Structure formats: C-alpha cells, structure tokens
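Asker: need a 3D model of the following:
(chains A, B, C and D)
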Number of protein chains: 2
Amino acid sequence: MKFSLDAIETLDAIDQHGSFAAAAASLHKAQSAVSYAVKQLEGVLGVALFDRSGHRATLTPAGLVILEEGRYLLTRARRIERLGEQFATGWEPRLQVVIDGVLPVRPIMEALKDLADDETPTRIRVTMEFLGGVQRRFERDTADFMLTLSYTPAPHLQAHVLPDRELVLVAASDHALAETTHNAASLQRHLELSVHDSSDLTEARDTHTTGGARVFYLSDFHTMRQALRMGLGFGWMPVPLITEDLASGALVELVMDGGSRRTITPVLVQRIDQPLGLAGQRLFDGIRARWH
Amino acid sequence: MKFSLDAIETLDAIDQHGSFAAAAASLHKAQSAVSYAVKQLEGVLGVALFDRSGHRATLTPAGLVILEEGRYLLTRARRIERLGEQFATGWEPRLQVVIDGVLPVRPIMEALKDLADDETPTRIRVTMEFLGGVQRRFERDTADFMLTLSYTPAPHLQAHVLPDRELVLVAASDHALAETTHNAASLQRHLELSVHDSSDLTEARDTHTTGGARVFYLSDFHTMRQALRMGLGFGWMPVPLITEDLASGALVELVMDGGSRRTITPVLVQRIDQPLGLAGQRLFDGIRARWH
DNA sequence: CTATATCCATCTAATAATGTGATGGATTGC
DNA sequence: GCAATCCATCACATTATTAGATGGATATAG
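Answerer: From the prediction side, this is the model:
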C-alpha cells in the first residue's frame, strides 16, 4: 500500500483543527512532520490535496473527496483495533450454538437480542436441528454449546438441566381416534405427525414418535399444529402451544393406556475442555435465566 | 493508528500464499520481515493471529475475523489510490450541471448512465431549474455547465447551440378558447398554464408565457399536460409531449394571430475560464450526441 | 503603515520503524 | 535418518518519520 493510515489521520486532523500547525499540536507532533506527511500523501496519490496559495492551506475538491473516503477508512480501522481488544479480553471471535427446534424460541431470541444490543464482536451462528440431529450437528461443527432434549452423555460433555416441558398426545376433535381408548398398537393404524428429524435416514429413528408405521414429518410445531387441526393425523405436541386449541375444543387429548402425557427435559450441554467465551457465557446464562 | 495497511497486506499475503515464507516471496521481502510484521500486528492488537504450535502457522479464529475485516479495509484503501490516480489524470472530483426542466430528460439520463457505467470517480450532481432559474443557479453554485433555453451572454461563458424545439399553444378541445381566433390580448382573459419559474418572484417575469394576467405555475410539463387535458387553462407545450393528445383530439392547437408556434433553442453553456474535466467533457459530448 | 502573530515550506540532524541475511530448532516427507 | 521447509531470532543496514530551526508570505491590530 502506497500510503498509511497515519497519513489519513493527519489529513483528518488538519481538516478538523483548521491548520497544519493546529493539527500537529493535536497529534503531539512537530508542524514539520505534518507538512512532511501531507507532501508524502500528495506524492503517492499524485494529487494536490491542499491549495497553499492563500495564507492558510485549504482542501482542494480532490482533497475533500479523499478525506471523506479516508475518514471511512479510519472508522473501519478503529473497528479492527477494537476487535483486537475485545478478542484479547475474552470475547470469542465466533460462537455456534445448536438448538432443538422443538424448544420455544422466545427465551433464546431474547437472550440473543441482549447480546446484539451490546454490540458484541462475536459472530454468532444459531443452528436449528431436531431431536437426534442436534447432537450430531453439535459434534460435526464442534459447536460451542447445544440446547437439546436428548443427548448421549460423553466424558467431554457437561450438561445443565433446564425445567421440564410437557408433551401431550392430541388429535382434532373430529378425528377417528378422538372417541375411544387406545394402546400403542391401535394407534399405528393412523397417520402420526411429528416434527422433522434431521437425522440421516439411515440412523435410528427418533424416540419421540410412538413408532407408528406411517409417520408424517413436518418442519416445525407451528405447521404441525395446523395439520392436527385439519385432522391430518395425531401426534405429540408441547402443552403450551395448544392450550388454546384444547380449550376451544379444536384439538382433544387422546386417551391412551400408556398415558397421553410425556415429559421432556431440555438440557444445555457444553464442552468441558473448551470453556465458553464471554459471548457464549452470556448467551448461556441469558437462556437459563429466561427459561421459565 | 496503531497498525498500518502494510501489516494487513502482509497478513493477507500469508493467508493467500499459505506460509510466511511464500508471503515474503510474493511481497519481495525477506521472511524475517514478514515474521516481524506479524509479531508487530499481534502486539498492537493484543491477540494471537497465528497458531505456531504446528509445523506451519495457521490462522487463529480471531486472526481469521481480523483478516476478513482487514481485507475490506484494503479494498477501500485501494479505492483511495485509484481516486488519486483518476483525479490526477483529469477526472474532476465533482461535477455540477444545471438543466432546464423544460427540456427532455431522456438524452441527459442516457448520457449520465453511460458515465455511471464506466464507474467514474466523479461525484455528479444534476440540478433541475426552470427558465431564468437555470442561469441563476449556474452562477450561484458555480456549476460546470448548464443546459438552458435562454441565457444572458457574458464574456466568461461559451455556448453551444443544440437543435431547436418547437412549442405549440394548446388547450383542451372543450375549452372556451378552442373555437375562435385570438390575439394576445384576448387570451389574457383566460387562465394560462406554465411550468414553474424558479426565479425569485421579485425578478422579471419569464418570457415564455403570453404575459397573461392570471398565470398558474405547475411543477413540470407532465403535470401541465394533465391540467391542460382537464381544461384548466391554455399554455405552451413542447410538441413531442402532446402529439398524441393532438391526434386524439384531447388537446387542440389554438388559432392566434401572432402565431401558435414558437421555437426554443437549447444551449449548452460552459465557462471559458474553467475547462471541463473528463467527466464533464464526456457528459457534455454525450448530451450533444444524443440530442436529436 | 508597521509591528506582530500565524501560516506553511524547507533544511539538517536525530530517532524510530522496517528490512536484510544468517543462524538454528522444529516438523514433515521420503 | 536425511533433506526440505517451516518460523523465530539476532545483529546490522536502510528507510521513513520526526524534531527543531529558519524564512518568506499573509493576515490582523493598532
């Protein structure tokens, strides 16, 4: 590069303080150093930046445009300096978390917003997966932590249990299953709805369906709720998402001899060997604090 | 600024060429200079940019983020270098042209687009004025050139005449004026429409109205055409803008003993003492070439 | 009009920043 | 185990930047 950021800083200071001499003072330099810097910059750019014909030097039109571009350059350069500081004081450059799409997003989003409000230097990536897919993604991407329902314990993992969530087996009130009592086998004759398991198809099927023969996977619980209300099939839904539908009678809780309620336990899992940075710590704590 | 663009360039070269040594070669420097630059940069930023534990140094996550920010910085810095070159080779930093809003915009816009396509460094400002306002603005802003209908010659101005445009006196076909023959005096009893003269109100009235007592000024010819078609009044319109209306009979040419046609002569006016830069020259030529 | 202050360019010398070339320990590939 | 390559480090050379002094030009106050 033919010029330096210091030269641009000098240019900026001259414009800010009105004269070479005043700029020199503000930069704690001699006036000759400022003259030198300007001359140097004019030399490499091949353009006169100041008009010295009058008593005090004034910016040429070209000088003004270059100053404006230069000021932008300086703000970006200062950002790099700040990044350095922040990385040095414990902010990690990147943070990846994997979250089960089954879980409510509000606490997570709120915690993320808190982080964003503080202008963290950390580049955050949140990945949504479902069920078995969460841990697989966590391991494959070596993410920083995951928020999942089921995970396979390992010596390098450390889990923090969050309050339970209850699932309930429901169907539309006009669905064929709504009337009678069932067992796991009798359910199998009907279409079961479930959220999409992002596991590879070759791997073990997920454990949150009843193991029915015909399972229809949907992308999220919102879609699944629509499908349930349309009478497409039956399935397990988180209680908070359908209390309204149960109250209005649009959906009904099925009567099953194995019980129509299940409890899932969300866990925050992090690596023991790789401690979280400041952003990770704050996000982790933020999610935990908001988890009712 | 605590670091230099050269340091960022070195960082970039290392990533690009894969090793300190290769980067040094690409920069035509000794390898020790690269080591020095990296160490220096790490020092001022307070962050390790490379992990030297292995055989070859690899970027740390922080290093990667800083490299990405740095690359952006470099592209902006190169832009400044290019600006310098371009200003030095005749491109002016700024160009202001003043154009009479009466004139067709297509040739002007096309010529501007041509300039923009070539990524000129020049910041272009096009100001629209009307009639007497054009020259006033040209002088007040010391614009580079103007495209006007009427101008007061002066020793420091140089004009290039463009092909004529024809104006015609029209009104709606159901307007009271449409039937009979008129003279200038008889017109005065009706409302005259005209495009807005941006002259100060205290100055001489413009010469492109018939001098009627009641003149209604509109912002542009498009609006004026609407008003004419609605039968609001009569006025002078450029022929190309209303050929359609004349053909359909929506508007009719008035019969006036002084003649219902006028010719206006657009002129491109520049300053003799202040020659146009490359952008101005090209815009000037571009408009002239497209002026049918 | 003159005295005075301020502006900026320029010179020389000092200082700091950056670069070279040589050396050496560590790692990789064969 | 040998050769090649990596990068850090050292002593030293070269540039780049800075300070300090000087002088001509312009503005400002009286």
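Asker: which residues sit in contact with the residue in the stretch 101-250 of chain A that chain B sits nearest to?
Answerer: In the stretch 101-250 of chain A, no residue comes nearer to chain B than A:Arg123, which is 6.8 Å away by Cβ to the nearest Cβ. Bear in mind the C-beta positions are built from the backbone N, C-alpha and C, glycine included. Shown in contact with A:Arg123 (Cβ atoms under 8 Å, 6 or more residues apart in numbering or on different chains): A:Pro93, A:Arg94, A:Leu95, B:Val65.
Asker: quick one, phi psi at it?
Answerer: Backbone dihedrals for A:Arg123, given as degrees, to the nearest 10, come out at phi -90, psi 120.
Asker: who does it form a beta bridge with?
Answerer: Assessed by DSSP bridges, A:Arg123 has beta-bridge partners A:Arg94.
Asker: for it, give me the pLDDT.
Answerer: pLDDT recorded at A:Arg123 is 90.
Asker: now it: how far from DNA strand C?
Answerer: 29 Å (Cβ to the nearest atom of the strand, to the nearest Å).
Asker: look up how far A:Leu228 lies from that residue.
Answerer: Separation of A:Arg123 from A:Leu228 (Cβ to Cβ, to the nearest Å) stands at 38 Å.
Asker: likewise for A:Arg94?
Answerer: Distance from A:Arg94 to A:Leu228, by Cβ to Cβ: 39 Å.
Asker: spit out the contact partners of the nearest residue to A:Ser260 once chain neighbours are set aside.
Answerer: Using Cβ to Cβ, 6 or more residues apart in numbering or on different chains and skipping residues adjacent in sequence, the residue nearest A:Ser260 is A:Leu169, 4.1 Å away. If you count contacts by Cβ under 8 Å, 6+ apart, A:Leu169 has them with A:Thr210, A:Phe234, A:Gly235, A:Trp236, A:Glu253, A:Leu254, A:Met256, A:Ser260, A:Arg261, A:Arg262.
Asker: can I assume the third one sits in a strand?
Answerer: It refers to A:Gly235. Yes: the assignment for A:Gly235 by DSSP: H, G, I helix; E, B strand; the rest coil puts it in a strand.
Asker: quickly list what it is bridged to.
Answerer: A:Val170, A:Leu193.
Asker: now for it, how many residues are close by?
Answerer: For A:Gly235, the neighbour count with other Cβ atoms under 10 Å in any protein chain shown is 28.
Asker: with the fourth one instead?
Answerer: Using other Cβ under 10 Å, A:Trp236 has 23 other residues around it.
Asker: now the second one
Answerer: Residues within reach of A:Phe234, counting by other Cβ under 10 Å, total 27.
Asker: dump the residue contacts of it.
Answerer: A:Leu169, A:Val170, A:Ala171, A:His175, A:Leu177, A:Leu187, A:His190, A:Leu191, A:Glu192, A:Leu193, A:Leu228, A:Leu254.
Asker: by contact count, what packs against the particular helix or strand that has A:Gly63 in it?
Answerer: Taking DSSP states H and E as the criterion, A:Gly63 maps to helix A:61-88. Where contact means 3 or more Cβ pairs under 8 Å, 6 or more residues apart in numbering or on different chains; DSSP states H and E, helix A:61-88 is packed against helix A:5-17, helix B:31-45, helix B:61-88.
Asker: now do the buried residues in the shortest one.
Answerer: If I follow you right, that is helix A:5-17. A:Leu5, A:Asp6, A:Ala7, A:Ile8, A:Glu9, A:Thr10, A:Leu11, A:Asp12, A:Ala13, A:Ile14, A:Asp15 (16 or more other Cβ atoms under 10 Å in any protein chain shown).
Asker: for the helix or strand following that helix, list every residue counted as buried.
Answerer: Per DSSP H and E, the first helix or strand lying C-terminal to helix A:5-17 is helix A:20-26. Within helix A:20-26, the residues that qualify as buried are A:Phe20, A:Ala23, A:Ala24, counting by 16+ other Cβ under 10 Å.
Asker: just name the closest of those residues to A:Tyr72, please.
Answerer: Nearest to A:Tyr72, judged by Cβ to Cβ, of the buried residues of helix A:20-26 is A:Ala23 at 19.3 Å.
Asker: check which helix or strand the residue nearest the centre of chain A maps to.
Answerer: With distances taken as Cα atoms, centre = their mean, A:Val126 lies nearest the centre of chain A, 3.7 Å away. A:Val126 is part of strand A:123-129, with elements assigned from DSSP H and E.
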